[in-house]
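Enquirer: sequence plus the predicted model coming up.
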Amino acid sequence: GAGVSQSPRYKVAKRGQDVALRCDPISGHVSLFWYQQALGQGPEFLTYFQNEAQLDKSGLPSDRFFAERPEGSVSTLKIQRTQQEDSAVYLCASSLAPGLTSPLHFGNGTRLTVT
Amino acid sequence: DAKTTQPPSMDCAEGRAANLPCNHSTISGNEYVYWYRQIHSQGPQYIIHGLKNNETNEMASLIITEDRKSSTLILPHATLRDTAVYYCIVSIYGGATNKLIFGTGTLLAVQP
């Protein structure tokens, strides 16, 4: 079946622009995670949703970052007034059960480049 | 901060077993060991997880020492497609913690 789908695959933004990154999780998956991966580093946790509830946003680096999952399926990560340090790959993952009680399925990410 | 220590890189000959070590000396009693891997330009892929018993699935085997301070991921017959960064992660299975904390992993290069 279809895996986690992320769009766009690549995004170039000028500094100061707002961007929106989309994640389509696997159908029926309760949990949804966003991660940020800088070049040469492991993924870093941003935020976690259980259905439509955002239970953990401790990893969001600033108030310019905002995530939502209004109907408990598709999620959007929005970054306002992008800065060069926001350049990274943004990964979305979903899992069938709450938290870490089932394996995470990752998408292939959106590579954001801020110029 | 990641709670695991892994070698930054390893080589393995194609067709041989790849044994990837991981130290997690501060692991607590309710923390599981998870392994994920990331092939270039793709998202991480789940491999296996365990608490204290050895585990095996179609991808790999996980051997956890009796004191649980270290573990080894075994790919029994490595292929070129197994070239990837392998992440060893410890985390609570359920409860309030809902995040995997990745370190920098081990880059496994399978050589022809």
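Expert: Happy to help now that I have it.
Enquirer: for B:Gln38, name its beta-bridge partners.
Expert: B:Val85 (DSSP bridges).
Enquirer: that one contacts B:Asp82, correct?
Expert: No - using C-beta atoms under 8 Å, B:Gln38 makes no contact with B:Asp82, being 11.9 Å away. Placement of C-beta: from N, CA and C, glycine included.
Enquirer: not counting its neighbours along the chain, what's nearest the spatially most central residue of chain A?
Expert: For chain A, the residue nearest the mean C-alpha position is A:Trp34 (3.3 Å; C-alpha atoms, centre = their mean). If the residues on either side of it in the chain are set aside, A:Trp34 comes closest to A:Leu46, at 4.2 Å by C-beta to C-beta, 6 or more residues apart in numbering or on different chains.
Enquirer: I'd like the next helix or strand past the lowest-mean-pLDDT helix or strand in chain B.
Expert: Ranking every helix and strand in chain B by mean pLDDT, DSSP states H and E puts strand B:84-92 at the bottom, with a mean of 93. Once the chain leaves strand B:84-92, the next helix or strand it forms, by DSSP states H and E, is strand B:106-111.
Enquirer: helices or strands up against that following strand?
Expert: The helices and strands touching strand B:106-111, judged by 3 or more C-beta pairs under 8 Å, 6 or more residues apart in numbering or on different chains; DSSP states H and E, are strand B:9-13, strand B:18-23, strand B:84-92.
Enquirer: now these as CSV including mean neighbour count and distance to B:Gly103?
Expert: Shown next, in CSV, are the helices and strands packed on strand B:106-111 (neighbours: other C-beta atoms under 10 Å in any protein chain shown; distance: least, C-beta to C-beta, whole Å):
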stretch, mean neighbour count, distance to B:Gly103
strand B:9-13, 14, 14
strand B:18-23, 20, 9
strand B:84-92, 22, 7
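Enquirer: name the spans of chain A whose pLDDT lies under the cut-off.
Expert: Applying pLDDT under 70 to chain A flags the ranges A:1.
Enquirer: which parts of it sit against chain B?
Expert: Within chain A, the positions near chain B by C-beta under 8 Å from any C-beta of the partner chain are A:4, A:31, A:33, A:35, A:40-45, A:48, A:50, A:55-56, A:59, A:91, A:93, A:98-101, A:103-109.
Enquirer: now the helices and strands packed on strand B:106-111 in CSV, with distance to A:Ile26?
Expert: Below are the helices and strands packed on strand B:106-111 laid out as CSV (distance: least, C-beta to C-beta, whole Å):
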stretch, distance to A:Ile26
strand B:9-13, 31
strand B:18-23, 27
strand B:84-92, 21
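Enquirer: before we move on, back to that, and the residues of chain A next to chain B, which are buried?
Expert: By neighbour count, with 16 or more other C-beta atoms under 10 Å in any protein chain shown, those hold A:4, A:31, A:33, A:35, A:42-45, A:48, A:50, A:56, A:59, A:91, A:93, A:98-100, A:103-109 as buried.
Enquirer: in strands, which of those residues appear?
Expert: Using DSSP state E, A:31, A:33, A:35, A:44-45, A:48, A:50, A:56, A:91, A:93, A:105-106 are the members of these that sit in strands.
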